[in-house]
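**Q** Sequence and computational prediction follow.
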Amino acid sequence: MKQFLRVEILPFLALLTGSLVFNAGATTYYVSINSANPVSPYSSWATAATNIQNALDAATNGDLVLVTNGVYQPVGRPAPAPDNILTCVICTNAVTLQSVNGSAVTVINGSGTNRCVYLGNGAVFSGFTVTGGNVSSTYSTCGGVDCASNALVENCLINNNSAYTAGGLYFGTASNCVISGNYATGQAGGAQQSILIDCTVSGNSSGVISGENPSGRCGGVFNCTLTNCVLTGNSSAEAGGASYGTLNNCTVYNNSGFVGAGAEFCTLNDCLVFSNSATSQSYRYSILTAGGGMYFGTANNCIILGNQVQLDERSSASGAYGGGVYNATLNNCALLDNYILGGSGGGAYGSTLNNCTVAGNSAAGGFGGGAYGSSANNCIIYYNTAIYYVSDFSTANATNCALNYCCTFPLPSSGVGFFNFTNAPLIVSLSGTGGNLHLQTNSPCINSGNNAYVTGSTDLDGNPRVVGGTVDIGAYEFQTPKSAISYAWLQQYGLPADGSVDYADLDGTAFNVYQDWNAGLNPTNPASVLAMRPPTSTNNAAGITVSWQSVRGIPYLLQRSTNLAAQPAFSTILSVTGQSNTTSYTDTSATNSVPYFYRVGAQ
């Protein structure tokens, strides 16, 4: 089960311990800054090189270079063309460059004048602190570790480096690393176009945060793929944590930016996004402030918790929107305790929500405490607040939204689609940080959704998304329903939800309760049936018009036969969503004199 409230972040340095890896058959070269007798080819500690570059120059593909404790300074060599940037350590071969005792005692320092490390294809770089790298030229790539696409960086601390494009890491794969305190003038403070696994990205920044022309794409990571990572304390004039990337099972918290404080234009899978803040920080910066947790992008099975957007009263920004998310698509997600000051959409603004629970969010100075201008399907939007001059209960949950199969109160004055209801959702609890948004055993949300809106096979807990045949409303699927019928529908007619009447014919129509529910009928009223309307004789050359008694929103199949003895006798000629009271269809192909037979059924 996904942990909802508890987030444990291991101490940074605890992540940086490593072990020596030896490649059988490889030549090993040694580096010690205190070597008294450096003799090429540096094949023992007694003849170790005093700088890393000398040993790397002697090594070839598959070799190992071991480096013992020390602070290694620049040698001032340019990296390969077209880069040509002065770099402390240049590894162009598929060599493993590894410290003996880990990053705490083995440092490569660019001294503010050089890039620290350049890695070529197949290179492995393990167990170092990389700091003080600085590449000041316009559009330069990276101050910390600049990699070829298939280089590997592991068990490293990449700290306090700067460049235009990426302060800490550019390209390559980083595993079990801490990337912190780096800065980029134009793009990503932490990392760009990299793969990060089990990494912490913290306290990085990009661009000019205030002033007339703020700049910088993202404080944390840009165009990266992250798995099991933590993004925290990153900041930028645009996105705080992540921009244009994919995040899997990551925690994104306490980041700040102007839009997408947590993430912008990203795909998030099984992530926790909490306590990020988007704020209009300059009264001269005249664009919108939006998406405390997320700005555009897609989130699957994520928790968006306690994020905020604030519009500074001095700012000329065009507006503040989406305390939790702005213009995003959310599937099987929880939006909880997000907040917006000076705008609308405390939980979500302009977004598409499928099987989400939106609760405890608020909008101060705007509308739609839960959602504004959004499309919601199979969602709970309840227990939110909105204050526009005074508390406005009618806009507390959903304003200017298109709703289908949703639980909210009250129903909006417009945009209400099919089969929404106002019953309290009966979640377990809203109290405490994050609450408990699972459904109680008698929740009306059980079996009350529409399977056509289901996205993904699991709910927010990772449990099966559809149990009992019909999807539940909200982010969590109740795993042991006793009835196969919508609990809200059963409660509407005062029927028990224990399964005892599911297949009983209560009104003598030969339809059982399950069939009545499937057809949208009243199970206690004999006059409520699915029936064809009496035919009308006509000589209409355009065909035959057939009508049937229908319910708005129910999907129907119309079938036709010209020979009841045939096998099969009927074939489907129409799939249509029903209208209130009567639905009609003109069969334009029925223009000759043969007999035509029609039947209709609920899908």
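**A** Received it, and whenever you're ready, just let me know what you need. Residues are numbered from 1 along each chain as shown.

**Q** Kindly confirm whether my reading is correct that Asp498 touches Ser483.
**A** Yes - using Cβ atoms under 8 Å, Asp498 makes contact with Ser483 at a distance of 6.5 Å. Where C-beta positions appear, they are placed from N, C-alpha and C, glycine not excepted.

**Q** neighbour count winner among those two?
**A** Ser483 (22 against 12; other Cβ atoms under 10 Å).

**Q** does that one sit in a helix, a strand or a coil?
**A** Secondary structure state of Ser483, per DSSP: H, G, I helix; E, B strand; the rest coil, is coil.

**Q** can you give me the helices in the protein?
**A** Using DSSP state H, the helices found in the chain span residues 52-58, 487-492, 513-519.

**Q** where in the stretch 151-300 of the chain is pLDDT low?
**A** 208-216, 280-287 (pLDDT under 70).

**Q** hmm, try it at 50
**A** Along the stretch 151-300 of the chain, the parts satisfying pLDDT under 50 run over 211-214, 282-285.

**Q** Next: the stretch 351-500 of the chain.
**A** Answering for the stretch 351-500 of the chain: no residues sit below the bar, that is pLDDT under 50.

**Q** Please report how far Leu439 lies from Glu264.
**A** For Leu439, the distance to Glu264 (Cβ to Cβ, to the nearest Å) stands at 32 Å.

**Q** same thing with Leu330?
**A** Between Leu330 and Glu264 the distance is 15 Å, computed by Cβ to Cβ.

**Q** for Thr524, same thing?
**A** To Glu264, Thr524 is 52 Å away according to Cβ to Cβ.

**Q** The two - which one has more neighbours?
**A** Glu264 (31 against 13).

**Q** which ones are touching that one?
**A** By Cβ atoms under 8 Å, 6 or more residues apart in numbering, the contact list for Glu264 reads 218, 238-239, 242-244, 257, 291, 294-297.

**Q** Tell me which of the residues you listed fall in strands.
**A** 242-243, 257, 294-295 (DSSP state E).

**Q** out of these, who's nearest Gln479?
**A** Gln479 lies nearest to Met294 out of the ones in strands among the contacts of Glu264, by Cβ to Cβ, at 28.1 Å.

**Q** The closest one contacts Gly323, doesn't it?
**A** No - Met294 is beyond contact range of Gly323, at 10.6 Å (criterion: Cβ under 8 Å).

**Q** In terms of packing, which of those two has more residues around it?
**A** Counted by other Cβ under 10 Å, Met294 and Gly323 do not tie: Met294 has more neighbours, with 40 against 37.

**Q** what bridges to the more buried one?
**A** Beta-bridge pairing for Met294 (DSSP bridges): Ala263, Val325.

**Q** So it versus Ala174, what's the distance?
**A** For Met294, the distance to Ala174 - Cβ to Cβ - is 24 Å.

**Q** Kindly report the same for Ala191.
**A** 7 Å.

**Q** So these two - more neighbours on which side?
**A** Shown here are Ala191 and Ala174; by other Cβ under 10 Å, Ala191 has more neighbours (38 against 31).

**Q** what residues are up against Gly245?
**A** Residues near Gly245 by Cβ under 8 Å, 6+ apart: 221-226, 263, 266-267.

**Q** one more time with 6 Å
**A** 221, 223-224, 266 (Cβ atoms under 6 Å, 6 or more residues apart in numbering).

**Q** which of those has the most neighbours?
**A** Result: Val221 is most packed of those (other Cβ under 10 Å), 35 neighbours.

**Q** partners of it in the sheet?
**A** In this entry, Val221 is beta-bridged to Ala191, Ala242, by DSSP bridges.

**Q** so what's it up against?
**A** Counted by Cβ under 6 Å, 6+ apart, Val221 has contacts 188, 190-191, 201, 242, 245.

**Q** From these, pick the one nearest Asn451.
**A** Looking across these and measuring by Cβ to Cβ, the closest to Asn451 is Gly245, at 31.2 Å.

**Q** Spatially nearest residue to that closest one, not counting backbone neighbours?
**A** Cys224 (4.5 Å; Cβ to Cβ, 6 or more residues apart in numbering).

**Q** quick one on the thing from earlier: Serialize the helices of the chain to TSV and add fields for distance to Ser103.
**A** Below are the helices of the chain laid out as TSV (distance: least, Cβ to Cβ, whole Å):
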stretch	distance to Ser103
helix 52-58	14
helix 487-492	56
helix 513-519	62
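
**Q** Ile381 is nearest to which of these?
**A** helix 487-492 (14.7 Å).

**Q** residues in contact with that closest one?
**A** Under the criterion Cβ under 6 Å, 6+ apart, residues 421, 423, 444, 446-448, 497, 517 lie in contact with helix 487-492.

**Q** ranking these by neighbours, who comes first?
**A** Ile446 (30 neighbours).

**Q** Surely Ala55 is in contact with Ser43?
**A** No - using Cβ atoms under 6 Å, Ala55 makes no contact with Ser43, being 9.8 Å away.

**Q** Neighbour count for the two, which is higher?
**A** Just comparing Ala55 and Ser43: by other Cβ under 10 Å the higher neighbour count belongs to Ala55, 27 against 15.

**Q** if I look at that one, how far off is Asn121?
**A** 19 Å.

**Q** From what I see, Thr562 and Val594 are in contact.
**A** Yes - counting by Cβ under 6 Å, Thr562 does reach Val594; the two are 5.1 Å apart.

**Q** Compare the two and say which is more crowded by neighbours.
**A** Legend: neighbour count by other Cβ under 10 Å for Thr562 and Val594, higher for Thr562 (14 against 8).

**Q** Tell me which residues touch that one, please.
**A** Contact partners of Thr562, counting by Cβ under 6 Å, 6+ apart, are Val594.

**Q** cool, Gly319 as well?
**A** Contacts of Gly319 by Cβ under 6 Å, 6+ apart are 288, 343.

**Q** Ok, Tyr29 next?
**A** Listed by Cβ under 6 Å, 6+ apart, the contact set of Tyr29 reads 42, 55, 58-59, 65.

**Q** Local confidence estimate at it?
**A** Tyr29 is assigned 98 on the pLDDT scale.

**Q** separation between it and Asn176?
**A** 24 Å.

**Q** now Trp489
**A** According to Cβ to Cβ, Trp489 and Asn176 sit 52 Å apart.

**Q** Same question for Tyr487.
**A** Distance, Tyr487 to Asn176, using Cβ to Cβ: 47 Å.

**Q** Tell me which of those two has more neighbours.
**A** Tyr487 (26 against 19).

**Q** for the closest residue to that one other than its chain neighbours, what are its contacts?
**A** Nearest-residue entry for Tyr487: Ile446, 4.3 Å, with adjacent residues in sequence omitted and distances by Cβ to Cβ, 6+ apart. By Cβ under 6 Å, 6+ apart, the contact set of Ile446 is 472, 478, 481, 487.

**Q** Ile446 and Ser275: what is the separation?
**A** 32 Å.

**Q** Kindly report the same for Val39.
**A** Per Cβ to Cβ, Val39 is found 56 Å from Ser275.

**Q** So for the two, which sits in the more crowded spot?
**A** Between Val39 and Ser275, Ser275 has the larger neighbour count (other Cβ under 10 Å), namely 18 against 12.

**Q** measure the more buried one to Cys142 for me?
**A** Ser275 sits 29 Å away from Cys142, going by Cβ to Cβ.

**Q** And Glu477, by the same measure?
**A** For Glu477 relative to Cys142 (Cβ to Cβ), the value is 45 Å.
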